[in-house]
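Enquirer: okay, sequence plus prediction incoming.
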Amino acid sequence: MINFMKMKNRSISEELMEILKKDYLKITEYVRISPYLDMEMRGDCVMVYYRGGKILTIFENKMEGLAVEYYIDKNAKLLVPHIETIEDYFAKAMHVIDIHEAFAKSKLGEKEIQQRVVFENNLSVNADKTDYFVADVEWADNDILGGRADIIAFRWNHMEHRKRLLQLTIIEVKQGEEAIVTSVDNNGKVSAGLSKHYDDFEKLRQDKDGVKALAEDMLVVLKQKKDLGLIKGLDWLFEDSRKNKITPEILPEVDFLFLLSNYHHYSDNLKKELEKLPDEARFISSSFMGYGLYKDFVHTKKDLNIKQL
């Protein structure tokens with residue numbers, strides 16, 4: 001059984017929330033209006049991402065800028081963020097990441113797609129009409145889900161908002177045909193494809209207390225994001241029409257979905273990997289183009305026509 005008592009919560013302190021609402025309000029508002037930036041809770045800090053790359057880290061008593069790894073020119077002067085000139089910092093730091101992505105061998109890839117999913121379902125013009133709201137990306141714990149989860153969201157069916165009934169949903173993002181394959185190299189290192197991630201999820205699903213603890217922490221994160229204006233469409237989730245506080249109900253069963261992006265349909269990798277998965281394995285597709293997520297576009301492996309893959 002997984003020891004969730006050691007799990008590091010992602011929700012942040014009231015003190016840090018106040019800093020983001022007051023002293024660093026300029027940063028919060030800058031992120032809120034930008035389709036290219038994403039703010040995520042990290043327990044003792046918050047991190048701001050651009051194209052999936054960490055561009056700024058905010059603690060209660062300090063800020064940290066771009067990591068050295070993003071600078072192609074190792075002799076370049078490192079950018080230092082200051083609240084008074086934060087707009088200038090963001091502009092220059094985003095340019096550094098753009099250069100890194102253009103020339104680096106190891107690209108952000110899936111992380112950039114994760115960020116697009118966050119924006120489409122949390123802040124875009126259609127965000128309040130989707131069925132999923134993202135609480136966290138790149139969730140990490142050494143003992144759980146193989147160490148990480150790409151996206152943790154809550155499904156709140158758009159047509160059933162009066163019920164305030166949520167389902168914790170873990171989403172694994174895979175880009176391209178190579179990423180979906182589970183393999184082991186000559187040194188015994190496992191490259192996690194679809195089947196490995198599904199096995200990790202099954203271990204989590206069996207721990208009911210652990211799932212409950214994770215869901216409760218993610219619900220706090222969801223509300224904190226809502227209070228900071230980083231998610232729209234949640235006006236009636238935590239309070240009624242008279243502004244009375246309400247705690248939403250969370251279904252006991254956690255869901256797990258694969259989100260495949262830019263899969264080369266001539267490849268037979270997916271067909272081979274599907275053979276390792278049970279019929280109940282679930283995939284989510286988009287509504288035509290885009291990354292808005294809807295419950296009606298969730299399919300089981302059994303629903304997929306493997307012969308056409």
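Expert: Sure, I can see it.
Enquirer: low-confidence ranges in this structure?
Expert: Confidence mapping of the chain against pLDDT under 70 gives the ranges 1-7, 106-108, 142-147, 188, 190, 305-309.
Enquirer: what helices and strands are in contact with the lengthiest helix in it?
Expert: If you go by DSSP state H, the chain has its longest helix at helix 208-227. Using 3 or more Cβ pairs under 8 Å, 6 or more residues apart in numbering; DSSP states H and E, the elements in contact with helix 208-227 are helix 14-21, strand 37-41, strand 132-140, strand 148-155, strand 165-175, helix 194-205, strand 249-250. Where you see a C-beta, it was placed from the backbone N, CA and C, and this is true even at glycine.
Enquirer: then it to CSV, C-alphas only?
Expert: C-alpha atoms of helix 208-227 as CSV (Å, rounded to 0.1, in the frame of the first residue of the first chain):
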residue,chain,number,x,y,z
LYS,A,208,-8.9,4.1,-1.4
ASP,A,209,-7.5,6.2,1.5
GLY,A,210,-4.7,7.4,-0.7
VAL,A,211,-7.0,8.4,-3.5
LYS,A,212,-9.1,10.3,-1.0
ALA,A,213,-6.1,12.2,0.4
LEU,A,214,-4.9,13.1,-3.1
ALA,A,215,-8.4,14.3,-4.2
GLU,A,216,-8.8,16.5,-1.1
ASP,A,217,-5.5,18.2,-1.6
MET,A,218,-6.2,18.7,-5.3
LEU,A,219,-9.6,20.2,-4.4
VAL,A,220,-7.9,22.8,-2.2
VAL,A,221,-5.5,23.6,-5.2
LEU,A,222,-8.5,24.0,-7.5
LYS,A,223,-10.2,26.5,-5.1
GLN,A,224,-6.9,28.4,-4.7
LYS,A,225,-6.6,28.7,-8.4
LYS,A,226,-10.2,29.8,-8.7
ASP,A,227,-9.6,32.4,-6.0
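Enquirer: and that helix, how far out from the chain middle?
Expert: Centroid displacement of helix 208-227 relative to its chain, using Cα atoms, centre = their mean, to the nearest Å, is 13 Å.
Enquirer: quick one on the thing from earlier: looking at the helices and strands packed on helix 208-227, which is closest to Glu275?
Expert: Closest approach to Glu275 among the helices and strands packed on helix 208-227 is made by helix 194-205 (9.0 Å; Cβ to Cβ).
Enquirer: contacting residues for Leu168?
Expert: Residues in contact with Leu168 (Cβ atoms under 8 Å, 6 or more residues apart in numbering) are 152, 154, 211, 214-215, 218, 250-251, 254-255.
Enquirer: bridging residues for it?
Expert: Phe154 (DSSP bridges).
Enquirer: ok, now Tyr50?
Expert: With DSSP bridges as the rule, Tyr50 is bridged to Leu37, Gly53.
Enquirer: thinking it is in contact with Ile97, fair?
Expert: Yes - look at Tyr50 against Ile97 with Cβ atoms under 8 Å: they come within range, at 5.5 Å.
Enquirer: higher neighbour count, these two?
Expert: More crowded of Tyr50 and Ile97, by other Cβ atoms under 10 Å: Tyr50, with 24 against 21.
Enquirer: residue contacts, the more buried one?
Expert: Listed by Cβ under 8 Å, 6+ apart, the contact set of Tyr50 reads 36-38, 90, 93-94, 97.
Enquirer: what do you get if the cut-off is 10 Å, keeping everything else the same?
Expert: The contact partners of Tyr50, by Cβ atoms under 10 Å, 6 or more residues apart in numbering, come to 31, 34, 36-38, 56, 66, 70, 90, 93-94, 96-98, 108, 112, 115.
Enquirer: give me the distance between it and Val96.
Expert: Shown here: Tyr50 relative to Val96, a distance of 10 Å by Cβ to Cβ, to the nearest Å.
Enquirer: who touches both of the two?
Expert: Taking Cβ under 10 Å, 6+ apart as the contact rule, Tyr50 and Val96 both touch 66, 70.
Enquirer: kindly indicate whether Ala102 is helix, strand or coil.
Expert: helix (DSSP: H, G, I helix; E, B strand; the rest coil).
Enquirer: show me what counts as buried in the longest helix of the chain.
Expert: 210-211, 213-215, 217-219, 221-226 (16 or more other Cβ atoms under 10 Å).
Enquirer: of these, closest to Asp141?
Expert: Nearest to Asp141, judged by Cβ to Cβ, of the buried residues of helix 208-227 is Leu214 at 9.1 Å.
Enquirer: state the distance from that closest one to Ala135.
Expert: Here the criterion is Cβ to Cβ. By it, Leu214 lies 10 Å from Ala135.
Enquirer: quick check: neighbours shared by these two?
Expert: Joint contacts of Leu214 and Ala135 (Cβ under 10 Å, 6+ apart) are 10, 152, 168.
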